[in-house]
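Undergrad: Fold the following, please.
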Amino acid sequence: MVVGVVGCGFETPAPTETLPKVYFATDSSLTDESITNQQIFLKLSMKTADVVTVGYSMTGGSATAGQDVNNTSGEVTFAPFQDTAMLSLSIVDDGMEEGEEDVQLTLKQPKNAELGDVVKHTLYISANKLPRVRFVSDKSSANENTGVQNFAVGLDRVSPVKVEVLYTVSGTADPDDHGLVDGLVTIEANEASGALLAAITNDMVDEYDQTIEVSLIAKSGAVIAPGMGQHSHTIVDEDPPPAIAFAASASTVSETAGTVMLDVSLPIRSEKEIKIDYAVAAGGSAAANDDFMVTAGTLTIPPGTTTVQVPVTVVNDTLDENDETVVIALSNPVNATLGAKTQYTLTITDDDNPPAVEFQQDTSTAAEGTATHAVTLTLSTASGLDVKVSVSQTGGTATAADLTVPSTQITIPAGSLSTSFNVTIIDDTADDDNETAVLTLASPVNASLGGRTQHTITITDNDNAPTVRFDPTTPDQSAAEKNSGTTTYTYRVILSASSNNTITVPVTLGGSAMNNDYSIGTNDIPVKFNPGETSKDVRVIVSGDNSRESDETVTLTLGTPTNATNAGDNQVRTHTIVNDD
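TA: As a prediction, the model looks like this:
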């Protein structure tokens, strides 16, 4: 027995054309009259979703149509996604002694296809009944790791001459899976069988079970046994599904990056369509739609492809903010398992400058009677971070007794353009001039200082000026002159309330007494009230003598004060010097 497997020049053309090409699998084949229904193979260069038809007719040969062969014209149909079809020719067994005859068939008028290279086929009809060649079995199955498979071809009886049988290969398996292409099997004379070997490739690719469909075509020395010229072998895949995962677990991009593609990959290709869901996972600090956009969905990896991508659109805003992260997770694989890197952390770096913080206005006015006075801070642009700044009083005439400034930093919340803080205005009862407080910004956090870093508050006084009078408890006085020395008599001037201003009250002297009869205490008039003082004394100093004279008087009359008003009473005091000589 001699086994040969060689190419014969009728391999399936590469499927590069737009339309498939239709052609005979071989340019010739052999039969005898006892094979009443002869099958002749047609092939397509590639599978198509369309129905393909092609016409044929007898265009030559020594056989006579209607006597030696019927069905000499007609049409062959390829079903969708089928790349082989049979042309059935009826052979007439006339029982006559005759020589070998032949029939020449030609393809024509294809639909949804083009004519290929082999458009003519010659069928030789032997005058003798030849041995029948067939596959030993019509089906087989084995794991792809079991190695070479032998699709044995045998004869119903040994032949005294060499038998040559062509075979053509189709099915769902590719030549890379089994190494088998259209070829020739030789059974030497007086041998009963031959081997048709398929070297099954044990790859690492997860795939569906595949089939090798091998069909025999008689060439010389034998004809194909009816119904026994096809063998179907199933290659059973034993490879586990691949693990699908992100190609990397993290990366960093600027917020100006636009759309970022995250690679999802397989370590090895698969012949199955793989699907995997993706969505945003918990744990990221970025905000959906504000910082990024991801539409949850399902990725599809076509057979033979190892990489697909998840699109993440980075939003370029104008907010100063911390670097932020978004986490994308994979789940629910189909025809795959989850690999190690099922989550991807994308860090978005901020490229925006911090805003400037400043007072909204240079000045404002607050009445002393208002418990709080609002002062507004503004930002040059909104920030994604809380902005903080310190405020303190650095100048002005007001003191801690007049107002209180917040001791903690003022916060402008993220996303806001302004905020207001309250200064507490202290309502005292003292008459004051209007006072000022200069507030200054310092120590900004997540911001810089703008141009307006100072704000002056003018506090308008709401207290009436006090009234001035002589103390009603120190009325007019009358006392003896005495003969010598001096005697001091006090007349108290009072204010109705204290004042933070200096009050000056002029005093007019009058009466019948002469200058040598009395004097006024040093610096007692005009009466001067310093801030906070509410009473002052005017001293009348009487000088004693031995002169006999009439009683004399000294009058003290309060004039119009500064920073105060005269009361409606006790504006005059009279001191009587009684003569005792």
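Undergrad: Please count neighbours and contacts with C-alpha atoms only from this point.
TA: Noted.
Undergrad: so where does residue 176 fall, helix or strand?
TA: In the assignment (DSSP states H and E), residue 176 maps to helix 175-178.
Undergrad: gap between that helix and the chain center?
TA: Helix 175-178 has its C-alpha centroid displaced from the chain centroid by 44 Å (CA atoms, centre = their mean, to the nearest Å).
Undergrad: Now it: buried residues?
TA: Buried residues in helix 175-178, counting neighbours by 16 or more other CA atoms under 10 Å, are found at 175, 177-178.
Undergrad: Need the residues you listed in a markdown table (columns: pLDDT).
TA: Conversion of the buried residues of helix 175-178 to a markdown table gives the following (pLDDT from 0 to 100):
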| residue | pLDDT |
| --- | --- |
| 175 | 89 |
| 177 | 89 |
| 178 | 91 |
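Undergrad: Next, format those as a markdown table and append distance to residue 55.
TA: Compiled in a markdown table, these are given as follows (distance: CA to CA, whole Å):
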| residue | distance to residue 55 |
| --- | --- |
| 175 | 29 |
| 177 | 34 |
| 178 | 33 |
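Undergrad: can you pull the pLDDT of the nearest residue to residue 163 once chain neighbours are set aside?
TA: Spatial nearest neighbour of residue 163, chain neighbours left out: residue 221 (4.4 Å); criterion: CA to CA, 6 or more residues apart in numbering. Residue-level confidence at residue 221 comes out at 92, pLDDT.
Undergrad: Let me know the distance separating residue 221 from residue 126.
TA: Counting by CA to CA, to the nearest Å, the gap from residue 221 to residue 126 is 10 Å.
Undergrad: which residue packs closest to residue 260, ignoring adjacent ones?
TA: Across the structure, with CA to CA, 6+ apart as the measure, the residue nearest residue 260 apart from its sequence neighbours is residue 312 (5.1 Å).
Undergrad: Quickly note the distance from that neighbour to residue 271.
TA: With the distance defined as CA to CA, residue 312 ends up 28 Å from residue 271.
Undergrad: More neighbours: these two, which one.
TA: Under the neighbour definition other CA atoms under 10 Å, residue 312 and residue 271 were set side by side, and residue 312 has more, 19 against 16.
Undergrad: other SSEs contacting the helix or strand hosting residue 166?
TA: Secondary structure here is read from DSSP H and E; on that basis residue 166 sits in strand 163-170. Using 3 or more CA pairs under 8 Å, 6 or more residues apart in numbering; DSSP states H and E as the contact test, the elements touching strand 163-170 are strand 183-187, strand 210-220.
Undergrad: now, of the ones you listed, which is deepest in the fold?
TA: When you average the neighbours per residue for each of the helices and strands packed on strand 163-170 (mean count of other CA atoms under 10 Å), strand 183-187 leads with a mean of 24.
Undergrad: for the buried residues of helix 175-178, which one is nearest residue 542?
TA: Distances from residue 542 to those, taken as CA to CA, are shortest for residue 177 (139.9 Å).
Undergrad: Not counting sequence-adjacent ones, nearest residue to the closest one?
TA: Taking CA to CA, 6+ apart, and ignoring the residues beside it in sequence, residue 177 has residue 201 as its nearest neighbour in space, at 5.0 Å.
Undergrad: same deal with residue 84?
TA: residue 43 (4.6 Å).
Undergrad: which ones are touching the one you found?
TA: Residue 43 makes contact with 12, 22-25, 83-85, according to CA atoms under 8 Å, 6 or more residues apart in numbering.
Undergrad: Next secondary structure element downstream of the host helix or strand of it?
TA: Using DSSP H and E, residue 43 maps to strand 37-44. Sequence order places strand 52-60 as the next helix or strand after strand 37-44, per DSSP H and E.
Undergrad: Confidence-wise, which helix or strand of this protein is lowest on average?
TA: For the chain, the helix or strand with the lowest mean confidence is helix 175-178, at a mean of 89 (criterion: mean pLDDT, DSSP states H and E).
Undergrad: Just the CA trace of that one, in PDB.
TA: In PDB, the C-alpha atoms belonging to helix 175-178 read as follows (Å, rounded to 0.1, in the frame of the first residue of the first chain):
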ATOM      1  CA  PRO A 175      -6.500  24.600   7.100                       C
ATOM      2  CA  ASP A 176      -4.500  26.000  10.100                       C
ATOM      3  CA  ASP A 177      -6.500  23.700  12.300                       C
ATOM      4  CA  HIS A 178      -5.700  20.500  10.500                       C
END
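Undergrad: Where does the residue nearest to residue 177 sit: helix, strand or coil?
TA: Following DSSP: H, G, I helix; E, B strand; the rest coil, the label given to residue 201 is coil.
Undergrad: Kindly provide the distance from it to residue 129.
TA: 40 Å.
Undergrad: between these two, who's got more neighbours?
TA: Using other CA under 10 Å, the more surrounded residue of residue 201 and residue 129 is residue 201, with 17 against 14.
Undergrad: List the residues that contact that one.
TA: The neighbourhood of residue 201, defined by CA under 8 Å, 6+ apart, consists of 144-145, 147, 176-179.
Undergrad: No more questions from me, cheers.
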